[in-house]
Every structure is written in structure tokens, then in C-alpha cells.
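Enquirer: Here is my input; please provide its structure:
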Amino acid sequence: MASATKASAGGKPPRQNPGAACQQCRIRKLRCDRQKPCAGCLDSGVPCQTDSTPPQRGPKRGHLKVLRSRIAALEQRMGERDLGAGLFTPAASEFQFNMDDSDAQGSAAPVPPSIITEASATTEVMTLSDMDSVMGLQMTAAPPLPPFITGHNYLGTTELPIPPLTRADLGQLFFDRASTFLPIVQRYRHFQRSRASPATQSHMCLQSAMWTVAAVLSSQFYHLRDALHHSTLDKLSHCPAEDETSRLEHAQAWILIAVYEFMQAPFERAWISAGRAIRLVQLMRLNEVDKISDAAALDAESFVEKEEKRRIFWMAFCLDRCSCVLEGLPLTLNEQEVSTRLPSSEEAFQNGTPVTMPFLSEVVTASDQSLLSPFAESVIFTTLWGRGFLHQRQSSAEYAFCNTSRDFCDRQLWLDDIITRKIQKLQQDYVTASIKVDAMWLYANMIAQTTVLLLGKAAEAIPSTTPSNHDLLSS
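Expert: As a prediction, this is how the structure comes out:
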């Protein structure tokens, strides 16, 4: 009525006639002219019927409360089966991501299951049979949970019931975000082993470790990081490493867990996990992968298998150097006993293209300081950092025992010369913007600058009255 008055006052006819649209126009989603009968029904030859009662919108009253109560009852039943706290369940994911019907209606956030259970007990007692009658469902006894949830068939451990889509997302996230600074897993080999039925226990450990690192780098799955971390540790503690493949996957898993704990846990805990990886690397003698030279050309599969061993060793080597230098601890892996070639480029590793890389000793002593792959350069800069650390400790020990030698000046100048040439080559071939984009180049640049500061600190620690200081100044 008001609209008609307003239209007549403005001099414009209304956009639609007053009244309700007929049922046929509503079903066919057509504009009804509100006549008796309307033009649409006349053309179609169907009776024109109009329902003046407005349709009911939204869910029925009490429907959401019934759903919440049913979810709480199901969670209680699952809890009675010793699933334990903190596991990822479909019901919990609904609350974690706020996927509730009440959000669409502008109401408050979903209430946690514990609060729902208490509220239902104090305000309205609703049994399972009552819910079945309201919702028209028949609830039977819950079937036994599958082995991957209860974990009875997995050496006594508990497997997280992660949906397959979440597993696929976490695996892809690892190769998209974590593999840039942890390039120790070959994508094709990993997915090939993941599709094997059944997957080996050691591969499940590695897969869980990859998900743990991917979860901490994702805002979507960040809440799963602790549960995945504990599940991975539980699997590693119960999974035996009997053959070479299982030991390699254990070493990869412990490296990933150590990196995760360096980001999320105290140093002592992370250093213990890194030590497990280093001991496995020593046990498998990965420092001697290329001790026996193979003149025959390697095929793609053999190259990838050998390259993966190299990358596991060099990643453990970098973990050892970084953690020990930062905390002032003795180095674990001896650089003089390494006969493993440097890692190849990421493209050659992922595509299975055989490439022959030089040894670390050859690159450090070479006069031509040409840049290699980002991972190889990171290893070289980390090695120089470790040498600078040993040089500083040796000079401090010599000064403490009043046995300062002129070798200090030679070591200092040699390290300063090689690190300066490497930095100049890095800055010449790569601009600062490109270095910041690549995680490995950024790490190599940071370690190079840290080594320069370490050498300067070592030079300042020598008193001006010692012969080494005079030799250093004269040089």
C-alpha cells in the first residue's frame, strides 16, 4: 500500500503488481504479473494457484541444538574407545574451522563440545532415542574403529585419523614450501612409495614428519602441528630400521623433526633429534658415498638414489655445523673424512638427470670460484663458517696456554680471502632481490656475512702484543 502511494506520488508506475506470485511462477522462477490467472499459467495451460501463507525460512526450531547434542554424544562414544585427547576428528574440525549453520545466520561462534554437553545436561536432557525420533534417524551400535585409528595393528602406536584430502594437501604443501630449504626428498620416488600397498612403516614415519613440517608452515593446518609431531615421534620410536631403505627414511624423518623442533621446541630437544639423524648418517657411512669412483654412467634411478643419500648427508652436515657453532659446542662430523660429492641442482635431482658434481675439498681449494647449485653453495659457506669457528677456538686455546703461533695469521688470511671471493662472486652473479627470493641463496648469504663477523671477532681477540697480530696487520 505504501509502495503504491509512493509510486503514485512520484508519477512512476510500480515495477510489479501488488500481491503474491503464483506457485507455478515461483517453481519456474518467472516473473508473475499477479493476475487471476497470470499470463504465464495461461500460456502453459496449467491452473494458476496462489498461496498467501509466507514460506518458512531457515532450519526448524531446535534443529541446530539437536545437531550439536548429537555431535557431543558421538564424540563421547569415540572418547570411550581410547582415542586420547588432541586428535584430529571430523567433528573437531567443524569447530576448529567454524563451519556451523549458526554462522550463516549471524549468531555467535560455535560452542565447544564440552560446554554443549554441560548445557544440555542442565537445561534439557536429550537421550539418543529422543534425537533419533526428532531427526528421523536410527542409531545403531557403533562399529569397531578401523586399525589406522585405534593403532592396534601398528606396533602399539596411535595413528591420526587425518582425511585423505588433508593428507594430500599437507604433502603438496611440503614440496611447495618446505622443500625449498629442505631438499632431501625426491618427489617422484616419494609418491611412488606412497602409492605402494601397503606402505612400509618407515615410509609412514617419513610421511608423518613431512606433514609435521608442512603443518607448521601453513595457517590452515597449523593447529595440527603438535598432534602430528607427537604421532611422528611415536611411530619412530616403535618402527625398526632394519634395511638400508628404512634407515634412509628414518634419517630423513629425524632431520625434518629436528628442523621442526628448532622452530617450535627448546634447543636441547631439537639437538637430540638432530643427533639421532647424524648417528644414522654415520652408521650408514653416507660420508663415503663416492669413495669408490664409478666410471660407468648412472641411469636416472641410480642417480636419484645416490643423490638422495648425498643430500641426506649434507643436510645433516649443515645441521651439525649450525647448531654447534651457534651454541659453541664441539663439531660432530669431521670434514676431513668426507668423500661424498656436493649435491647437484634441484632440477637435476627432481628430473633424474645424472650430473657429476665436485668434492668439497676440490671446491674450497680451487682458484676458480664459480658458483654451483644453491644447496651446494650453502654447504660450502657452512663449511667455511665451521672452519672459522674452529679457527677462533684454536686461537683462543693457543692464547690461553701462551702458545700463540704464526699459523693464526695464515689461517685468518686464507679464510678471509676465500670468503671474500665467494661473496663477490655471489653478489656479481645474483642481485639482492633474487637472493631474497630463493631460500637457499638467502641462507648462504647470511652464513657468509656471519663468517665475516666471526673472523673479525677472532682477530680482535688476539692481543696487539702477539706476533700473530703484527703479521696480520702487516699483511
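
Enquirer: Packing partners of the strand or helix carrying residue 444?
Expert: Using DSSP states H and E, the secondary-structure element containing residue 444 is helix 439-460. The criterion is 3 or more CB pairs under 8 Å, 6 or more residues apart in numbering; DSSP states H and E, and the helices and strands that helix 439-460 contacts are helix 374-400, helix 407-429, helix 432-437. Bear in mind the C-beta positions are built from the backbone N, C-alpha and C, glycine included.

Enquirer: helices or strands up against the longest one?
Expert: The elements that helix 374-400 packs onto, with contact taken as 3+ CB pairs under 8 Å, 6+ apart, are helix 300-327, helix 360-365, helix 407-429, helix 439-460.

Enquirer: buried sites along the helix holding residue 444?
Expert: Applying a neighbour-count criterion of 16 or more other CB atoms under 10 Å, the buried positions in helix 439-460 are 439-445, 447-448, 450-452, 454-455, 458-459.

Enquirer: quick one: the helices in the stretch 151-300 of the chain?
Expert: Taking DSSP state H, counting those that start in this stretch as the test, the helices found in the stretch 151-300 of the chain are 164-173, 187-194, 201-216, 225-238, 244-264, 267-283, 300-327.

Enquirer: Can you say which of those is packed in most?
Expert: Compared across the helices of the stretch 151-300 of the chain, helix 201-216 shows the largest average neighbour count, a mean of 25 (mean count of other CB atoms under 10 Å).

Enquirer: That one: how far from the chain's middle?
Expert: Relative to the mean C-alpha coordinate of its chain, helix 201-216 is positioned 9 Å out (CA atoms, centre = their mean, to the nearest Å).

Enquirer: same question, stretch 341-352
Expert: Between the mean C-alpha point of stretch 341-352 and the mean C-alpha point of its chain there is a distance of 22 Å (CA atoms, centre = their mean).

Enquirer: buried stuff in that stretch?
Expert: Judged by neighbour count (16+ other CB under 10 Å), stretch 341-352 contains these buried residues: 341-346, 348-350, 352.

Enquirer: do stretch 177-189 as well
Expert: 177-179, 181-186.

Enquirer: looking at the helices and strands packed on helix 439-460, which has the lowest confidence?
Expert: Sorting the helices and strands packed on helix 439-460 by mean pLDDT places helix 432-437 lowest, at a mean of 63.

Enquirer: Okay, residue 397 and residue 390: tell me how far apart.
Expert: 10 Å (CB to CB, to the nearest Å).

Enquirer: Comparing those two, which shows the higher neighbour count?
Expert: Taking residue 397 and residue 390 together and counting by other CB atoms under 10 Å, residue 390 has the greater number of neighbours (15 against 10).

Enquirer: Apart from its chain neighbours, what residue comes closest to that one?
Expert: Taking CB to CB, 6 or more residues apart in numbering, and ignoring the residues beside it in sequence, residue 390 has residue 331 as its nearest neighbour in space, at 7.2 Å.

Enquirer: Likewise for residue 231?
Expert: Leaving aside its chain neighbours, residue 231 sits nearest to residue 160 (5.1 Å; criterion: CB to CB, 6+ apart).

Enquirer: Can you report how many residues neighbour that neighbour?
Expert: Here the number of neighbours of residue 160 (other CB under 10 Å) works out to 22.

Enquirer: Report pLDDT for it.
Expert: Per-residue confidence (pLDDT) for residue 160: 74.

Enquirer: Residue 192 too?
Expert: In the prediction, the pLDDT value recorded for residue 192 is 89.

Enquirer: distance of residue 292 from residue 459?
Expert: 42 Å.

Enquirer: Worst mean pLDDT across the helices and strands of the chain, which element?
Expert: Here the helix or strand of the chain ranked lowest by mean pLDDT, DSSP states H and E is helix 147-150, holding a mean of 37.

Enquirer: Residue 452 reaches residue 419, doesn't it?
Expert: Yes. Checked against CB atoms under 8 Å, the pair residue 452 and residue 419 is within contact range at 6.3 Å.

Enquirer: give me the low-pLDDT residue ranges for the stretch 101-250 of the chain?
Expert: Flagging of the stretch 101-250 of the chain using pLDDT under 70 yields the residue ranges 101-159.

Enquirer: mind listing what residue 332 touches?
Expert: Applying CB atoms under 8 Å, 6 or more residues apart in numbering, we find residue 332 in contact with 275, 278, 320, 324.

Enquirer: Pipe those into TSV and attach pLDDT and distance to residue 62 per row.
Expert: Formatted as TSV, the contacts of residue 332 follow (pLDDT from 0 to 100; distance: CB to CB, whole Å):
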residue	pLDDT	distance to residue 62
275	94	58
278	96	61
320	95	62
324	92	64
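
Enquirer: could you dump those residues to CSV with distance to residue 245?
Expert: Supplementary listing: these in CSV, determined by distance: CB to CB, whole Å:
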residue, distance to residue 245
275, 22
278, 19
320, 23
324, 29
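
Enquirer: contacting residues for the residue nearest the centre of the chain?
Expert: The centroid of the chain falls nearest to residue 214 when counting by CA atoms, centre = their mean (1.0 Å). Contacts here follow CB under 8 Å, 6+ apart; on that basis residue 214 touches 170-171, 173-174, 177-178, 221.

Enquirer: Now compare these and name the two farthest from each other.
Expert: Taking every pair in the contacts of residue 214 and measuring CB to CB, the maximum separation is 12.5 Å, between 178 and 221.

Enquirer: hang on, residue 387 packs against residue 416?
Expert: No. Because the distance of 11.5 Å does not satisfy CB under 8 Å, residue 387 is recorded as not touching residue 416.

Enquirer: ok, residue 186 - contacts?
Expert: Applying CB under 8 Å, 6+ apart, the residues contacting residue 186 are 304, 307-308, 349-350.

Enquirer: Go again with 7 Å.
Expert: If a contact means CB atoms under 7 Å, 6 or more residues apart in numbering, then residue 186 has 304, 308, 349-350 as its contacts.

Enquirer: If anything else comes up later, I'll come back, but that's it for now.
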